[in-house]
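Novice: Following is a predicted model, sequence given first.
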Amino acid sequence: MAWYPVTQVPPPLLLIHLLDSRFEGFLRVPDSRGDLTVHFRAGLPVRAECPNPALAGASVGEHLLELFAASVERIQIEPVTVPAGEGVNPLPWIRRGLRERYDLLRLEAETKELTRCRIGVSPKLDSFLDHFEFTPPELELIRSIKAQPETITRLRSSSPLSFKEILALLYSLASCRLLQAAPAEGGAGKCQETGPRAVVEAPPAPPPPPESEALAELRRLQAALGDENPFTRLGLPLTANYDEIEARFKELARLLHPDSLNRRGLGDHVDEAQAAFARLTEAYDQLKDATTREKYRKPAQTREEEAEVRRVLEAEVCYQKGIIHFRRKEYTLAEQMFFEARQKNEDGSHLAMWAWLRYLNPENDRIAVREEVKAALQKAIQLTPREADFYFYLGKVCLDMDQLASARQYFVKAVEINAEHIEAARELRLLERRAKNAASPLARTTGSFLNLFKKKE
């Protein structure tokens, strides 16, 4: 059974992938109150079950919303046969999940690419709009993008929607590859589609190869027969499902059958075809089993590469656990999780969050750890120089150390990167007020007296 961390397969992209690949099987989310299981057929959710009393009587779509919860850390996906049922359109539930279950921090993290370009729409957008159930203000924003590609900054200034609502809308469309990154104003070049592969109908099956291609096909197959991966031997992508595998095998059986070869005037090659077909039959038998299919879906990797992938994924799992503990203000547990993430894969986010939690944790001596935290945040900025929060954290530490010039420099940088960084902007205003008071003799003599009349917060 395949388990995937949510950081590797975010729910919007996962649901679109299942729809696009016409997945048949179940998706499961572990929960202490009872695992949530959603069954899919032809890529559409048809049934859901969960022992949790809070979901008793909930619809399939309402069960889908649980996939978007911040507490979900990993998802199990298993292809199995699922009885027929009435499929549910997942697109409006993706939109609701992003609006209702994602917070702004998570939305910003998963839509970073959208903030780096002007956003246009794909020509396929109109044919999908009705499936999302957008509100009139959302449709108005989409119409404005259709008329003229815009940056998120301009959309925020012209739309009544909140920043979070705009990001959720754009993420919903990008997950279906219905947005395009437009060239910079005054620039040239063709727009590129953004997001995962769009949901499109499967192309019609190609016509059977003409007789002159039969021998060439046999030669191509023979060249692939030495590969240990049965997908490669059958000439299929690693994502092929059982129906595609069976259809391909039947196609090759018709092409390489001795009677077919004799009719095509290739009787001299019957022995070669029979030897090739034996290897193809072996590949087909291997791929009949769902567990074996999953084994061969993984591309060949060295042990070192597999260990590296596992280490990075484990680091991401630790990081997400740290985020959950941080939101619950469980600072010691959060610091521990970020430390483990840093040990497994020291990227900028892991290092910065560990340093910040080490500084915030009331169980630590803040004065004793300030220099260590400052050095770690400086290194995190070197690794990831475009994260506004890292500069804000470093500014707060410098402010605590009474290094006012450095603190101001870091707060300014945070605002430059993210003009909506409220905390950094507030710290800058406080520093400016502090500087004015220090420069005024009257303020110095009356400051203590006036403080008596300040409104208590």
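Specialist: Okay, I see it.
Novice: Residue 4: which element?
Specialist: Element membership of residue 4, judged by DSSP states H and E, is strand 2-5.
Novice: neighbours of the nearest residue to residue 8 once chain neighbours are set aside, just the number please.
Specialist: What sits nearest to residue 8 in space, not counting adjacent residues and going by CB to CB, 6 or more residues apart in numbering, is residue 313, at 6.5 Å. For the C-beta atoms, the positions are set from N, CA and C on the backbone; glycine is no exception. When neighbours are counted by other CB atoms under 10 Å, residue 313 registers 18.
Novice: Specify the local secondary structure of residue 57.
Specialist: Here residue 57 is coil, with the state taken from DSSP: H, G, I helix; E, B strand; the rest coil.
Novice: Going forward, count from 48.
Specialist: In the new numbering, first residue 48, that becomes residue 104.
Novice: Any idea how many residues pack against it?
Specialist: Residues lying near residue 104 (other CB under 10 Å) number 6.
Novice: Could you name the helices and strands sitting against the strand or helix carrying the residue nearest to residue 55?
Specialist: Assigned by DSSP H and E, residue 360 falls within helix 350-374. Of the remaining helices and strands, those touching helix 350-374 by 3 or more CB pairs under 8 Å, 6 or more residues apart in numbering; DSSP states H and E are strand 49-52, helix 378-391, helix 395-407.
Novice: Could you rerun that using 6 Å?
Specialist: With contacts defined as 3 or more CB pairs under 6 Å, 6 or more residues apart in numbering; DSSP states H and E, the secondary structure elements packing on helix 350-374 are strand 49-52, helix 378-391.
Novice: re the thing from before, can you spell out which helices and strands pack onto the strand holding residue 51?
Specialist: For strand 49-52, the elements it packs on are strand 121-126, helix 350-374, judged by 3+ CB pairs under 6 Å, 6+ apart.
Novice: Of the ones you listed, which is nearest residue 69?
Specialist: For these, proximity to residue 69 was assessed by CB to CB; strand 121-126 is nearest, at 11.1 Å.
Novice: Which residues does the helix or strand following that closest one contact?
Specialist: Using DSSP H and E, the next helix or strand after strand 121-126 towards the C-terminus is helix 138-147. The contact list for helix 138-147, computed with CB atoms under 6 Å, 6 or more residues apart in numbering, reads 59, 62, 108, 111-112, 115, 178-180, 215, 218-219.
Novice: Please tell me how far the spatially closest residue to residue 108 that is not a sequence neighbour sits from residue 208.
Specialist: Spatially, and ignoring its direct neighbours in sequence, residue 108 is nearest to residue 140 (4.5 Å; CB to CB, 6+ apart). Computed with CB to CB, to the nearest Å, the distance linking residue 140 and residue 208 is 19 Å.
Novice: what does residue 306 give?
Specialist: Spatial separation of residue 306 from residue 208 under the definition CB to CB is 65 Å.
Novice: is it true that residue 116 touches residue 149?
Specialist: No. Look at residue 116 against residue 149 with CB atoms under 6 Å: they stay out of range, at 9.3 Å.
Novice: Going by how many neighbours each has, rank the two and give me the top one.
Specialist: For residue 116 versus residue 149, neighbours defined as other CB under 10 Å are more numerous around residue 149 (24 against 16).
Novice: Could you give the number of residues near the nearest residue to that one once chain neighbours are set aside?
Specialist: Residue nearest to residue 149 in three dimensions, not counting chain neighbours: residue 115, with 6.2 Å by CB to CB, 6+ apart. Counted with other CB under 10 Å, the burial measure for residue 115 works out to 22 neighbours.
Novice: related to what we said a few turns ago, among the helices and strands packed on helix 350-374, which is nearest residue 103?
Specialist: Comparing the helices and strands packed on helix 350-374 by their distance to residue 103 (CB to CB), the top pick is strand 49-52, with 26.6 Å.
Novice: Report the buried residues of the closest one.
Specialist: By neighbour count, with 16 or more other CB atoms under 10 Å as the criterion, the buried positions of strand 49-52 are residue 52.
Novice: Could you look up the next helix or strand downstream of it?
Specialist: Helices and strands here follow DSSP H and E; after strand 49-52, the next one along the chain is helix 58-67.
Novice: The helix or strand following that next one packs against which elements?
Specialist: Following the chain from helix 58-67 toward its C-terminal end, the next helix or strand by DSSP H and E is strand 72-76. Using 3+ CB pairs under 6 Å, 6+ apart as the contact definition, the elements that strand 72-76 packs against are strand 83-88, strand 121-126.
Novice: any idea how far residue 196 lies from residue 164?
Specialist: Applying CB to CB to residue 196 and residue 164 gives a distance of 9 Å.
Novice: how about the helices and strands packed on helix 350-374 in CSV, adding distance to residue 355 and mean pLDDT?
Specialist: Putting those into CSV (distance: least, CB to CB, whole Å; pLDDT from 0 to 100) gives the following:
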stretch, distance to residue 355, mean pLDDT
strand 49-52, 15, 71
helix 378-391, 10, 93
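Novice: most neighbours per residue, which of these?
Specialist: Compared across these, helix 378-391 shows the largest average neighbour count, a mean of 20 (mean count of other CB atoms under 10 Å).
Novice: Quick one: work out the angle between that one and helix 350-374.
Specialist: In this structure, helix 378-391 runs at an angle of 160 degrees to helix 350-374, with axes from the mean of the first three to the mean of the last three CA atoms, to 10 degrees as the basis.
Novice: hang on, the earlier thing: can you tell me which of the helices and strands packed on strand 72-76 is nearest to residue 200?
Specialist: When these are ranked by distance to residue 200, counting by CB to CB, first place goes to strand 121-126 at 33.7 Å.
Novice: What strands line up against the closest one, and which way round?
Specialist: Each strand pairing with strand 121-126, determined using DSSP bridges, is listed with its direction: strand 49-52 (antiparallel), strand 72-76 (antiparallel).
Novice: And those strands: which comes nearest residue 172?
Specialist: Proximity to residue 172, assessed across the strands paired with strand 121-126 by CB to CB, is greatest for strand 72-76 (27.1 Å).
Novice: Can you list the low-confidence ranges for the chain?
Specialist: Counting by pLDDT under 70, the ranges of the chain that qualify are 48-49, 229-265, 267-268, 345-354, 356, 485-504.
Novice: Can you give me the domain boundaries for it?
Specialist: 49-134, 149-241, 258-344, 374-489 (automatic domain parsing).
Novice: okay, the ones you listed in JSON lines with distance to residue 364 next?
Specialist: Below are the domains of the chain laid out as JSON lines (distance: least, CB to CB, whole Å):
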{"stretch": "domain 49-134", "distance to residue 364": "5"}
{"stretch": "domain 149-241", "distance to residue 364": "16"}
{"stretch": "domain 258-344", "distance to residue 364": "20"}
{"stretch": "domain 374-489", "distance to residue 364": "8"}
